[in-house]
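Student: Mind folding the following:
(one chain, ligands or ions: 1)
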Amino acid sequence: MKTNLLIFIFFSIMNLQTMSNTPKPFPNVTIIGSGYVGLVAACCLAKLKKQVCCADIDKDKIDKLKNKICPFYEPGLEELLGNAIDEKSIEFTSNIEIAIEEASIIFIAVNTPTLENGDADITAVKAVAKTIAKHLNTYKIICLKSTVPIGTHKIVEEIINKEKISDVTFDIVSIPEFLREGSAIYDFINPNRIVIGAKSKEVFDTVKSLFDNVNVKSENIIFTNNLVAETIKYVANSFLALKVSFANEISNFCDELGIDTIAVMYAVGKDERIGSQFLNPGPGFGGSCFPKDVKALKKMMEDAGVDPKLISNILSVNEAQKHIVVKRLCTLIGNDIKNKNIAVLGLAFKANTDDIREAPALTIIKELKSLGANIRAYDPKANSNMKREIPDITYCDSLNTAIEKADAILVLTEWQEFKNLDLSAIKNSVNQKIILDTRNIINSVRAIEHGFIYDAIGKNFLLRNSK
Ligand code: UDX
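Tutor: Coordinates of the predicted model:
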């Protein structure tokens, strides 16, 4: 009897020993939210050989994803999704509860839209936190990937502590995303930095291990606390938006004096302290991030009793820029824009996406309509999204159709196909040879050679000099 007991104890210890020596099975990762952030993260982590579950309350969206259908356009994502499904490295479910119970690392990647007062709406984040609390069956690391107001990690921790049905422990990590729409996959696999806000080095190391195969310098994987990590995202986006508004304000000044803004910004950007990116003047910034994050930072500063002078002006310069585009177009057409045919090339807030959220085209088209213009719009990817917002204009399925009998061509998005506009061909199909290029992508010399009145944001000197 005694021998048996000793043998049992021996094998139990041996078993424990081998268990502790066996490498930790890779933590199961659940990503809650299959939007721009969550779906890209899920498919990229799957590509990086992690076993991922992507969960969303939207059953229809999940059914489409299971059939390899992406809910939005992001270059390369549909292919990544298909491969991950074929390799069984990703699964999709609308059963959030099970997805939580089976995970050891959970990413909250739900949307945080802007409220009327400028605050980011964290209702969805709080709802997920409550569900996690109810299904906290083992220790979990909960990663906040959604862009959330500074201090949200504390709110999530309090909700889970208050609602959890067991004394199981957990940790909250803040891991903001810096993906750009249109290059999100590249940015995930080659980030210039990964910021992980965590309470302990051990938790940091666990989350960091998810990104072992990511192409990033180790010194650019930043271990910090939750508050700093939450703040970095807002400050980074607001600074990039500041650069864009600065470029737009300078271009309005240079255009008044006939100075080539593009040449000015090219040389300014050569100073490594300034950097050449985000200095291109245009119709104003859009997208689901810049406007939202700058508004949220402004509100957080006001709530903290700090006057957001500079931050507020990023937004006001941006809004004004859209109206400056309309004014410039009216000047080109001779101010009587009523019943004139305007070919609007580009609806998405930037190239390589179908996203029209906060796109300058929304404001500009509405203003042109209010002035009585006939709009013929074309965008390679965003037509259907814009049609849901502005149904009563003409949507064309090709560039050539849009410019037929146009009294002016207005370029709003820097799609590749607009860069190669065949000016010799189109000059015979337009009513008037007028181009307002808000993205500086048309060959201005050739436009003038073909008899177009060519104006561009930041290159008005050409128009002045061609008179
Ligand atoms: C941005 C941030 O770049 C990214 O790090 C963050 O995670 C999300 O927000 P995104 O919104 O996809 O990414 O677009 P981005 O490429 O940053 O451009 C933002 C806006 O600025 C676009 O409307 C773009 O057209 C405009 N822009 C950008 C300019 O007008 N001029 C420039 O020189 C650069």
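Student: can you pull out the helices in the stretch 201-350 of the chain?
Tutor: 201-208, 226-257, 261-268, 290-303, 309-333 (DSSP state H, counting those that start in this stretch).
Student: how about the closest residue to the ligand within the stretch 101-250 of the chain, secondary structure?
Tutor: At 3.5 Å from the ligand, residue 181 is the closest residue in the stretch 101-250 of the chain, using Cβ to the nearest ligand atom. Backbone N, C-alpha and C define where each C-beta goes, glycine included. Of the three states, residue 181 takes coil under DSSP: H, G, I helix; E, B strand; the rest coil.
Student: Residue 458 too?
Tutor: coil.
Student: so how far is residue 258 from it?
Tutor: As judged by Cβ to Cβ, to the nearest Å, residue 458 and residue 258 stand 12 Å apart.
Student: Of the two, which one has the most company?
Tutor: residue 458 (27 against 13; other Cβ atoms under 10 Å).
Student: Those residues of the stretch 201-350 of the chain touching the ligand, which are they?
Tutor: For the stretch 201-350 of the chain, the contact set with the ligand under Cβ under 6 Å from any ligand atom comprises 237, 240, 244, 278-280, 282, 285-287, 289-290, 349-350.
Student: picking that back up, for the helices of the stretch 201-350 of the chain, give me JSON lines that also has mean pLDDT.
Tutor: Output for the helices of the stretch 201-350 of the chain, formatted as JSON lines (pLDDT from 0 to 100):
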{"stretch": "helix 201-208", "mean pLDDT": "97"}
{"stretch": "helix 226-257", "mean pLDDT": "97"}
{"stretch": "helix 261-268", "mean pLDDT": "97"}
{"stretch": "helix 290-303", "mean pLDDT": "97"}
{"stretch": "helix 309-333", "mean pLDDT": "97"}
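Student: Need the residues of the stretch 201-350 of the chain next to the ligand in CSV (columns: neighbour count and distance to residue 325).
Tutor: Converted to CSV, these look like this (neighbours: other Cβ atoms under 10 Å; distance: Cβ to Cβ, whole Å):
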residue, neighbour count, distance to residue 325
237, 23, 23
240, 18, 21
244, 21, 14
278, 17, 19
279, 22, 18
280, 22, 14
282, 26, 9
285, 27, 13
286, 25, 12
287, 23, 17
289, 24, 21
290, 23, 17
349, 29, 14
350, 21, 15
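Student: Just the closest of the residues you listed to residue 433, please.
Tutor: The closest of these to residue 433 turns out to be residue 282 (Cβ to Cβ; 22.7 Å).
Student: and that closest one, what is it in contact with?
Tutor: Listed by Cβ atoms under 8 Å, 6 or more residues apart in numbering, the contact set of residue 282 reads 244, 247-248, 321, 360, 438-440, 457.
Student: which non-adjacent residue is nearest residue 266?
Tutor: residue 276 (7.3 Å; Cβ to Cβ, 6 or more residues apart in numbering).
Student: May I have the phi/psi pair for the one you found?
Tutor: Dihedral pair for residue 276: phi -90, psi -10, per degrees, to the nearest 10.
Student: so how far is residue 234 from residue 293?
Tutor: Residue 293 is 5 Å from residue 234, by Cβ to Cβ.
Student: try residue 312
Tutor: Distance of residue 312 to residue 234, given as Cβ to Cβ: 14 Å.
Student: Compare those two (neighbour count), which wins?
Tutor: When neighbours are counted by other Cβ under 10 Å, residue 312 and residue 234 differ, and residue 234 comes out ahead with 24 against 15.
Student: what residues are up against that one?
Tutor: Residue 234 neighbours (Cβ under 8 Å, 6+ apart): 147, 150, 293, 296-297, 300.
Student: And residue 248, by the same measure?
Tutor: Residues in contact with residue 248, defined by Cβ under 8 Å, 6+ apart, are 281-282, 284, 317-318, 321, 457.
Student: Put together a markdown table for these, with distance to residue 108 on each row.
Tutor: Compiled in a markdown table, those are given as follows (distance: Cβ to Cβ, whole Å):
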| residue | distance to residue 108 |
| --- | --- |
| 281 | 37 |
| 282 | 33 |
| 284 | 31 |
| 317 | 33 |
| 318 | 29 |
| 321 | 34 |
| 457 | 39 |
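Student: Out of the residues you listed, which comes closest to residue 229?
Tutor: residue 318 (26.3 Å).
Student: burial count for the nearest residue to that closest one once chain neighbours are set aside?
Tutor: Excluding its sequence neighbours, the residue lying closest to residue 318 (Cβ to Cβ, 6+ apart) is residue 284, at 4.6 Å. Neighbour count of residue 284, defined by other Cβ under 10 Å: 28.
Student: again with residue 145
Tutor: Neighbourhood size, residue 145 [other Cβ under 10 Å]: 21.
Student: got a pLDDT number for it?
Tutor: Note on residue 145: pLDDT of 97.
Student: what do you get for residue 11?
Tutor: On the pLDDT scale, residue 11 is placed at 49.
Student: so can I have TSV of the helices of the stretch 201-350 of the chain showing distance to residue 72?
Tutor: Shown next, in TSV, are the helices of the stretch 201-350 of the chain (distance: least, Cβ to Cβ, whole Å):
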stretch	distance to residue 72
helix 201-208	26
helix 226-257	20
helix 261-268	31
helix 290-303	17
helix 309-333	23
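Student: Next, see if stretch 405-417 gets close to the ligand.
Tutor: No - counting by Cβ under 6 Å from any ligand atom, the ligand is not contacted by stretch 405-417; separation bottoms out at 7.3 Å.
Student: Can I get that stretch in PDB, CA atoms only?
Tutor: This file holds the C-alpha atoms of stretch 405-417, laid out as PDB (Å, rounded to 0.1, in the frame of the first residue of the first chain):
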ATOM      1  CA  LYS A 405     -19.600  67.200 -70.700                       C
ATOM      2  CA  ALA A 406     -17.900  68.300 -67.500                       C
ATOM      3  CA  ASP A 407     -17.600  72.100 -67.000                       C
ATOM      4  CA  ALA A 408     -14.900  71.300 -64.400                       C
ATOM      5  CA  ILE A 409     -13.000  68.300 -63.100                       C
ATOM      6  CA  LEU A 410     -12.500  68.200 -59.300                       C
ATOM      7  CA  VAL A 411      -9.900  65.700 -58.000                       C
ATOM      8  CA  LEU A 412     -10.400  65.000 -54.300                       C
ATOM      9  CA  THR A 413      -8.700  61.600 -53.800                       C
ATOM     10  CA  GLU A 414      -5.200  60.600 -55.000                       C
ATOM     11  CA  TRP A 415      -6.200  57.300 -56.700                       C
ATOM     12  CA  GLN A 416      -3.500  56.000 -59.000                       C
ATOM     13  CA  GLU A 417      -5.900  56.000 -62.000                       C
END
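Student: Many thanks, I have nothing further to ask.
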